[in-house]
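# Sharing a model that was predicted from the sequence below.
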Amino acid sequence: MPVRLVMIMRTLPASCVRGTGVSPTLMVIAPAFVVSIVTTSNSVSHESKLHRIVICRTLNPRCTRALPSISPLGIDINHYDDKGRRGGGAHSQSQLQLALVPTRFRWSLISDERLLDTRICDLPIRIKGSFLEPHIKRLYSELNDRGIRFKPHVWLSAEWFTPDGVPGFAIPFYLAHPRLMKLERKQMLEVEGGTDVQCMRILRHEAGHAIDNAFRLHFKRRWHQVFGLFTQRYPDSYKPKPNSRRYVLNLDAWYAQAHPAEDFAETFAVWLQPRSNWRRRYRSWPALRKLEYIDEVLNEIAGTRPKNRVRRKVETLPEIKVTLREHYERKQRLYEFQWPAYLDADLRRIFSTDPPRKSRLTAVSFLRSIKREVEQLVGDGTGVHKYAIDHVYELMIERAGQLKLRFKGSREHAKRETMIMLTVQTMNVIHSGYHRISL
């Protein structure tokens, strides 16, 4: 049955209106009707006092399904009199009251700009049913296979991290929805943990921190003898030695070299990975001693209950009141990488900055096409570990894409110049160190 002059009674605090696309004076919900917000003149002592939102034109009740696409609020149809009192008499009008009931968030109807103005705490996301759920179950299964009864608790937050003393860890919110992963890539050029392989590597790493906290392993003297002092100040940056065989290789940027705690977590991740064949892979490496220590200690605690079983969570999603825009502005400043100007000049010397033409190959495509060959040649000539060479080469590709460079001249000439540049920059990394640290 059609409803005429339907009224919506609900307070809309400024924080709720901002970023939802709702105008404080006029808003078009759908072609079928228009909504205007009229602020009452009554004094209010609490945000739950009512404002009036009048829907003009005939509205079929089924059309109210469109309302949640504007705001994540539920709808409850009630009757009010012309003074806003519930249960009016003969002069009552059909009205709608917006209640704070979660409804489906219309991801497909919100633009990136509007999404960026959404507070992180307002995102309707959870681990269950997301990309993360099967990976967390797989992590727990791997722990079971190793006889470890303890399972670290997890929660959504801004980034990957394990709080000091907490036997659980946080997972970045963007991995809980494909749209947020897409936004993360657009803002940060990559999605940390966005693939099956990378997600599992990071989960194993964070599980290492959580198990260390749960069983208080870093308080043991043997732990210090193998990995170093846990109390060592955590660095803002670190200078790894790419050729070093004292550390295992799991996450990018030789992360095990950042701090003794990261060394333990990285070693644990390699040990936990199924079919990693760590004894054979690290047979001639000093890092093998660390893996054997992990194997010994974890076999000792297998099947036991940890001393620390606190389920505390830090910086949970409801606590993060900043918008996605503010979050990414901070994150971009944190991850800024000062690419030396001379490297830009070298790339421009090899490739072209002329306006793009359809017939001309991009520098990124060319660099990827010769990647395996060039890395092999530089590795044979310098003796540097391929892991280090690959990291430098990926930085070159990323910067060539940012500069929008395109291929020019002969293929052999460009390949030779690329090989020279990669060799020089690889040696620079070894001598000056890597200053970017993942968080």
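Looks like it came in fine.

# Could you list the low-confidence segments of this protein?
Across the chain, the ranges flagged by pLDDT under 70 are 1-104, 335-341, 356-359, 382-385, 387, 429-439.

# Contact partners for the residue nearest to residue 163 when sequence neighbours are not counted?
Spatial nearest neighbour of residue 163, chain neighbours left out: residue 314 (4.3 Å); criterion: Cβ to Cβ, 6 or more residues apart in numbering. In this view, the C-beta of every residue, glycine as well, is placed from N, C-alpha and C. By Cβ atoms under 8 Å, 6 or more residues apart in numbering, the contact list for residue 314 reads 157, 163, 166, 170.

# mind running it again at 7 Å?
163, 166, 170 (Cβ atoms under 7 Å, 6 or more residues apart in numbering).

# same question, residue 227
Applying Cβ under 7 Å, 6+ apart, we find residue 227 in contact with 260, 263, 264, 290.

# which residues touch the helix or strand encompassing the third one?
This means residue 264. Secondary structure from DSSP states H and E places residue 264 in helix 260-272. The contact list for helix 260-272 (Cβ under 7 Å, 6+ apart) reads 142, 146, 201, 204-205, 208-209, 211-212, 227-230, 232, 247-248, 250-251, 255-256, 276, 278, 290-291, 294-295.

# swap in stretch 145-163?
Stretch 145-163 is contacted from outside by 120, 125, 127, 136, 140, 143, 167-173, 176, 192-193, 202, 206-207, 209-211, 214, 272, 298, 302-303, 306, 311, 313-317, 320, 327, 439, using Cβ under 7 Å, 6+ apart.

# List the ones among those that fall in strands.
Under the assignment DSSP state E, the contacts of stretch 145-163 contribute 168, 169, 170, 171, 172 to strands.

# Can you give me the separation between residue 329 and residue 116?
According to Cβ to Cβ, to the nearest Å, residue 329 stands 10 Å off from residue 116.

# on that earlier part again, show the backbone phi and psi for the residue nearest to residue 163.
When read as degrees, to the nearest 10, the backbone of residue 314 gives phi -120, psi 140.

# What distance do you get for it to residue 108?
According to Cβ to Cβ, residue 314 and residue 108 sit 33 Å apart.

# can you tell me how far residue 111 sits from residue 123?
As judged by Cβ to Cβ, residue 111 and residue 123 stand 15 Å apart.

# returning to what we had before: just send the ones in strands among the contacts of stretch 145-163 back as JSON lines, with distance to residue 422 and neighbour count too.
JSON lines is the format used below for the ones in strands among the contacts of stretch 145-163 (distance: Cβ to Cβ, whole Å; neighbours: other Cβ atoms under 10 Å):
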{"residue": "168", "distance to residue 422": "41", "neighbour count": "22"}
{"residue": "169", "distance to residue 422": "36", "neighbour count": "25"}
{"residue": "170", "distance to residue 422": "36", "neighbour count": "22"}
{"residue": "171", "distance to residue 422": "35", "neighbour count": "24"}
{"residue": "172", "distance to residue 422": "32", "neighbour count": "21"}
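
# More neighbours: which of residue 111 and residue 123?
residue 123 (21 against 9; other Cβ atoms under 10 Å).

# My guess is that one contacts residue 173. True?
Yes - Residue 123 is within contact range of residue 173, at 6.4 Å (criterion: Cβ atoms under 7 Å).

# In helices, which of the contacts of helix 260-272 appear?
Members of these lying in helices (criterion: DSSP state H): 142, 201, 204-205, 208-209, 211-212, 227, 278, 290-291, 294-295.
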